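A.B. asks: predicted model and sequence follow; I will ask about them next.
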Amino acid sequence: MIISLNGLDEPHLVRLAARLAPALRDGGTLYLRGDLGAGKTTFARALLQALGVDARIKSPTYSLIESYRVGGLDIHHLDLYRIADPGELEWLGLAELSDGLSLVLVEWPERGAGSLPSADLQLRLDHADAGRDLAARALSLRGEAMLAAWDPARPG
């Protein structure tokens, strides 16, 4: 299943993240792909806020990973932009993240190829004339359920 949306401005992107949040409360792995400045961190931050993270949400660009706990759900937000080789990730203990009980959000997943849990859902954000385009693609049965529960077209 694939959902494509075009010409999104930042407020619309934030609303879409908030609408996706309920579908992720049982955990899973979400890959966020796109060029620099395409909106990956904006989407991740809005998603974390919608999930109930009330702490300051820092971009993990330098720390590589920021973790949160909300209502019994462990959430791990990774930003691998600064990784040159997937071998650099060994010390992060990423194997423990693939237990299926946590929510793992990964920006720049291509830089951690082979070291990351498999994605359930992949979002691709691209620059577009009037904003951004978003394509959401399910990569597992869990991802199919996430997309089925998401209603991106709902007004508001």
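C.D. replies: That came through fine.
A.B. asks: residue 2: what's it in contact with?
C.D. replies: 135, 136, 137, 138 (CB atoms under 8 Å, 6 or more residues apart in numbering). All C-beta spots, glycine's among them, are computed from the backbone N, C-alpha and C.
A.B. asks: end to end on stretch 55-75, go ahead and measure it.
C.D. replies: End-to-end distance of stretch 55-75 (CA to CA, to the nearest Å): 13 Å.
A.B. asks: return the set of buried residues in that stretch.
C.D. replies: Across stretch 55-75, burial judged by 16 or more other CB atoms under 10 Å covers 57, 60, 64, 65, 66, 68, 73, 75.
A.B. asks: determine which two of the residues you listed are furthest apart.
C.D. replies: Using CB to CB, the buried residues of stretch 55-75 span at most 20.5 Å, a distance reached by 64 and 73.
A.B. asks: how far away is the residue located most distally from the centre of the chain from residue 7?
C.D. replies: Largest separation from the mean C-alpha position in the chain: residue 129, at 23.3 Å (CA atoms, centre = their mean). Distance, residue 129 to residue 7, by CB to CB, to the nearest Å: 7 Å.
A.B. asks: and for stretch 128-145, what's in contact with it?
C.D. replies: Contacts for stretch 128-145 (CB under 8 Å, 6+ apart): 1-10, 12-13, 16, 23, 28, 38-39, 118-127, 146-147, 150, 152.
A.B. asks: show me what counts as buried in stretch 9-29.
C.D. replies: Within stretch 9-29, the residues that count as buried by 16+ other CB under 10 Å are 13-17, 19-21, 23-24, 27-29.
A.B. asks: one more: stretch 75-82?
C.D. replies: For stretch 75-82, the buried set under the neighbour-count rule, 16+ other CB under 10 Å, comprises 75, 76, 77, 78, 79, 80, 81.
A.B. asks: now do the same contact list for the fourth one.
C.D. replies: Taking CB under 8 Å, 6+ apart as the contact definition, residue 78 lies against 60, 64, 65, 92, 104, 105, 106, 107, 112, 116.
A.B. asks: how far away from the center of its chain is the helix or strand hosting it?
C.D. replies: Using DSSP states H and E, residue 78 maps to strand 73-79. Strand 73-79 sits 9 Å away from the centroid of its parent chain (CA atoms, centre = their mean, to the nearest Å).
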